[in-house]
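> A predicted structure for the sequence below; I have some questions about it.
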Amino acid sequence: MRLAALILCILIAGCASKSESVPTKPQGSPTPQARAEPPTIEVTSKDLFDAYEKNEVAANDAYKGKPLAITGSIEKISEDPSGEIYVILKSEKQFSFTDVQCFFPNEQKAEVMKLTKGQKVKIKCTGAGKSLNVEARDCAILTK
């Protein structure tokens, strides 16, 4: 009986000492997974368009999923059939059916309503690759 009690005491003491030695993370310290946001890539609508015309795979590697600051002149301001607001920036190419299309969240509607065709703008977006047009999503107007 004494032996069982002794073993039980050793087990309890061992578990208690292990729980005390577990390090705790200080309050408010950053998590190791936190990453710095990648730098914004400055690009003109013409250069972005040209990159996709030359090599879509290389352009996706350079721009897709990355923060972009796109500068260009407005060709069109509209909404798609689902009501999503977009601005098309001139690609400077004649006879092209592909453009740079920047999609804006509804929160940006008031700012987009202030824009005019032909106006030069700088728009911050996330590159979204190419479908029919070269696309950028989650856009916001930086300068007018």
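Everything's here; your move.
> what about the strands in this protein?
For the chain, applying DSSP state E gives strands covering 41-44, 67-79, 85-89, 100-104, 120-130, 134-143.
> which one of those lies closest to E111?
Of all the strands of the chain, it is strand 134-143 that lies closest to E111, at 4.9 Å by Cβ to Cβ. Every residue, glycine included, has its C-beta placed from N, CA and C.
> on contacts alone, who are the packing partners of that closest one?
Identification of packing neighbours for strand 134-143 by 3 or more Cβ pairs under 8 Å, 6 or more residues apart in numbering; DSSP states H and E yields helix 45-54, strand 67-79, strand 100-104, helix 109-112, strand 120-130.
> ok, and which of these has the densest surroundings?
Highest mean neighbour count of those: strand 100-104, a mean of 25 (counted as mean count of other Cβ atoms under 10 Å).
> Give me the angle between it and strand 120-130.
Using axes from the mean of the first three to the mean of the last three Cα atoms, to 10 degrees, the inter-axis angle of strand 100-104 relative to strand 120-130 is 100 degrees.
> Check what contacts strand 100-104 and list those residues.
45, 48-49, 70, 72, 84-89, 91, 111-112, 123, 125, 128, 133-140 (Cβ atoms under 8 Å, 6 or more residues apart in numbering).
> and it, average pLDDT?
For strand 100-104, mean pLDDT is 97.
> Distance to P39 added to the helices and strands packed on strand 134-143, as a markdown table?
Shown next, in a markdown table, are these (distance: least, Cβ to Cβ, whole Å):
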| stretch | distance to P39 |
| --- | --- |
| helix 45-54 | 16 |
| strand 67-79 | 8 |
| strand 100-104 | 19 |
| helix 109-112 | 24 |
| strand 120-130 | 12 |
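> Which of the ones you listed sits closest to A36?
strand 67-79 (11.9 Å).
> On the strand side of things, show who the residue positioned nearest the centre of the chain bridges to.
For the chain, T126 is the residue whose C-alpha lies nearest the centre (Cα atoms, centre = their mean; 4.6 Å). Counting by DSSP bridges, T126 is bridged to P67, R137.
> Isn't it up against R137?
Yes - counting by Cβ atoms under 8 Å, T126 does reach R137; the two are 5.3 Å apart.
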